[in-house]
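**Q** the amino acid sequence is not available; the structure is as follows:
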C-alpha cells in the first residue's frame, strides 16, 4: 500500500511546485532506485494533462561515465541531453543516491570538465532559466545515516519537512523579501566571521517550495566587488563527492583571497575553476523550522533554521550581480546558540540574533510561527 504522505508529496510537486498545465512536457529525473514516488508523479502529471518523460540513473553509473570521459565525449553528451531539455516545460529532479561520496575518486579534471561542459549549459543555463523546475531528495538509509537517525525516524522527519504548508511560508517571506529589496549594507557577525557587503539594487527571491523541496529561504546576491572581511562556515559540506569541514574565507573587494579547510588544496582547486568561482553569487537566509542539524545534503542544510549561506560562483538571473562561473557551491553558517550564535544587520539594524528574527515584521518566519 502506498504511503499517503508520498501521494501528497507528488500532488504538491506537480500541482504546486511546477504547476503542470495541459500539454506541457515534464522531465522526471530519478537518480537512485526509488520507484513508488516516481509512479505517483507520473500519474499526477497525467491527471493534469501533462506529458511525463522519465530518466533513470544512479551515481555509480555516473561515476563510470565520468571515469571514462573526455572533452569530445562530454560535448556530445551535453548536446544529446540539451536537445531533450529544450523540449521540456517542467523538470522534477529526485535524488536518492546510496552514497554521497560516489564521485570522490573521479579525477579532478574530469569533474571540472563535466561541470563546465555538461552541467552548466544544461542545468544552469537551460533548466534553471527556461523551465519550471523543482529538485528534491528522497529518504533512504544512507540519508538517515547522515542525519544520525533511524530510517523510520528520518522518513517521519522528511515528510514533515517536505509536506510543510509552503503557501503559508510564502506569505511569511514577503516582509523579508521587501526588506532585502530596500537594503544596502549587510553585516554578518559570528565566531570567526565579520563580513560586510552591499545588496543594493540586486533583487531578492522568495523560495517556498517552487524550486526546492524542502524549502525555506530568501536569497539575493552581494554587489560583486563589495564583500570584505572573514567568514567561518560551521557546517560540513560535500562537493563532487568530496567532504569539506571548517571552511574559512577571507575576502578583499569581493574576491576570496584566502581559503582554508580540512583539505585546503582541493578547496582552492575548486575555487580556481574559473574567474567567477572566487566571487560570490548568492547570499541567502534559511528558516525551515523542521531542519535543525546538518546532514551533508545541501537541499536540506541550506534551509536550516537560523542559518545563512554565502555561495561562491554563479549568480541567479533573478538576483543577478553579474558573476558567472561553472561553480555554484552553497556553504552554510548556522547562527543558533548551540552553533556559536551570531547576528545579521541590515543597514546597521539588527534583524536576526542567534537564529531568531528580532524585528516585528520578520517574526512570522520564526520556527514557532511556521510549523
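**A** Nice, I can see it. Quick caveat: nothing in here was measured; it's all calculated off a predicted structure.
**Q** neighbouring strands - and their directions - for the helix or strand hosting residue 310?
**A** Using DSSP states H and E, residue 310 sits in strand 307-312. If you go by DSSP bridges, strand 307-312 pairs up with strand 280-286 (antiparallel), strand 332-334 (antiparallel).
**Q** for the record, mean pLDDT for the first one?
**A** Per-residue confidence for strand 280-286 averages out to 98 on the pLDDT scale.
**Q** any weak-confidence spans in this protein?
**A** Applying pLDDT under 70 to the chain flags the ranges 1, 97-98.
**Q** residues contacting the longest helix seen in it, please?
**A** For the chain, the helix that runs over the most residues, judged by DSSP state H, is helix 71-85. By C-beta atoms under 8 Å, 6 or more residues apart in numbering, the residues outside helix 71-85 that reach it are 27, 53, 65, 69, 91, 113-114, 117-118, 121-122, 126-127, 131. Using the backbone N, CA and C atoms, a C-beta is placed for each residue, glycine as well.
**Q** how about a cut-off of 7 Å?
**A** Here helix 71-85 makes contact (C-beta atoms under 7 Å, 6 or more residues apart in numbering) with 27, 113-114, 117-118, 121-122, 126-127.
**Q** flag every buried residue along it.
**A** Across helix 71-85, burial judged by 16 or more other C-beta atoms under 10 Å covers 74, 77-78, 81, 85.
**Q** for stretch 247-259, same thing?
**A** Across stretch 247-259, burial judged by 16+ other C-beta under 10 Å covers 247-251, 254-256, 259.
**Q** for the chain, which segments are assigned as helices?
**A** With DSSP H, the ranges of helices along the chain come out as 4-12, 36-47, 59-67, 71-85, 108-113, 128-130, 141-146, 151-162, 166-172, 174-182, 264-271, 298-301, 367-370.
**Q** and these, which is most packed in?
**A** Of these, the one with the most neighbours on average (mean count of other C-beta atoms under 10 Å) is helix 298-301, at a mean of 22.
**Q** give me the most central residue, this protein.
**A** Centroid check for the chain by C-alpha atoms, centre = their mean gives residue 299 as the closest residue, at 4.7 Å.
**Q** distance of that residue from residue 9?
**A** The spacing between residue 299 and residue 9, counted by C-beta to C-beta, to the nearest Å, is 14 Å.
**Q** okay but the residue nearest to the centre of the chain is in contact with residue 212, surely?
**A** Yes. Counting by C-beta atoms under 7 Å, residue 299 touches residue 212, with 5.6 Å between them.
**Q** list residues touching both of those two?
**A** Residues within reach of residue 299 and of residue 212 at once, by C-beta under 7 Å, 6+ apart, are 135-136.
**Q** ok so, going back, can you put the buried residues of stretch 247-259 in CSV and add distance to residue 180?
**A** Below are those laid out as CSV (distance: C-beta to C-beta, whole Å):
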residue, distance to residue 180
247, 24
248, 26
249, 22
250, 25
251, 20
254, 19
255, 23
256, 23
259, 27
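**Q** what about residue 338, neighbour count?
**A** 11 (other C-beta atoms under 10 Å).
**Q** ugh, typo on my part, it should be residue 117
**A** Counted with other C-beta under 10 Å, the neighbours of residue 117 add up to 19.
**Q** dump the residue contacts of it.
**A** For residue 117, the contact set (C-beta under 7 Å, 6+ apart) comprises 71, 74-75, 78.
**Q** for it, give its distance to residue 89.
**A** Using C-beta to C-beta, one obtains 25 Å as the distance from residue 117 to residue 89.
**Q** go on, residue 281?
**A** As for residue 281, its distance to residue 89 is 26 Å (criterion: C-beta to C-beta).
**Q** so between those two, which is more surrounded?
**A** The residue with more neighbours, out of residue 281 and residue 89, is residue 281; 28 against 18, by other C-beta under 10 Å.
**Q** right, and the more buried one touches residue 319 too?
**A** No. Here residue 281 does not reach residue 319: they are 9.0 Å apart, not a contact under C-beta under 7 Å.
**Q** hang on, the earlier thing: would you mind giving the helices of the chain as TSV with distance to residue 198 added?
**A** TSV is the format used below for those (distance: least, C-beta to C-beta, whole Å):
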stretch	distance to residue 198
helix 4-12	36
helix 36-47	41
helix 59-67	39
helix 71-85	35
helix 108-113	31
helix 128-130	25
helix 141-146	36
helix 151-162	33
helix 166-172	26
helix 174-182	12
helix 264-271	22
helix 298-301	26
helix 367-370	29
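**Q** show me the strands in the stretch 251-371 of the chain, by range?
**A** In the stretch 251-371 of the chain, the strands defined using DSSP state E, counting those that start in this stretch lie at 255-260, 280-286, 307-312, 332-334, 343-346, 349-353, 356-357.
**Q** nearest to residue 273, of those strands?
**A** Nearest to residue 273 among the strands of the stretch 251-371 of the chain is strand 307-312 (9.4 Å), distances taken as C-beta to C-beta.
**Q** in that closest one, which residues are buried?
**A** Residues 307-312 are the ones in strand 307-312 that count as buried (16+ other C-beta under 10 Å).
**Q** find residues that contact each of residue 281 and residue 319.
**A** Residues touching both residue 281 and residue 319 (C-beta under 7 Å, 6+ apart): residue 221.
**Q** distance-wise, check residue 72 relative to residue 79.
**A** 11 Å.
**Q** tell me the contacts of the closest residue to residue 329 other than its chain neighbours?
**A** Nearest non-adjacent residue to residue 329, counting by C-beta to C-beta, 6 or more residues apart in numbering: residue 312, 5.1 Å away. Contact analysis of residue 312 by C-beta under 7 Å, 6+ apart lists 256, 271, 277-278, 280, 327, 329.
**Q** ditto for residue 18
**A** 90, 92, 132-134.
**Q** who touches stretch 274-283?
**A** 199, 219-222, 224, 227, 254-256, 270-271, 310-316, 321, 323-328.
**Q** over to stretch 3-16?
**A** 20, 36-37, 40-41, 44-45, 48, 92, 134, 159, 162-163, 166, 209, 213.
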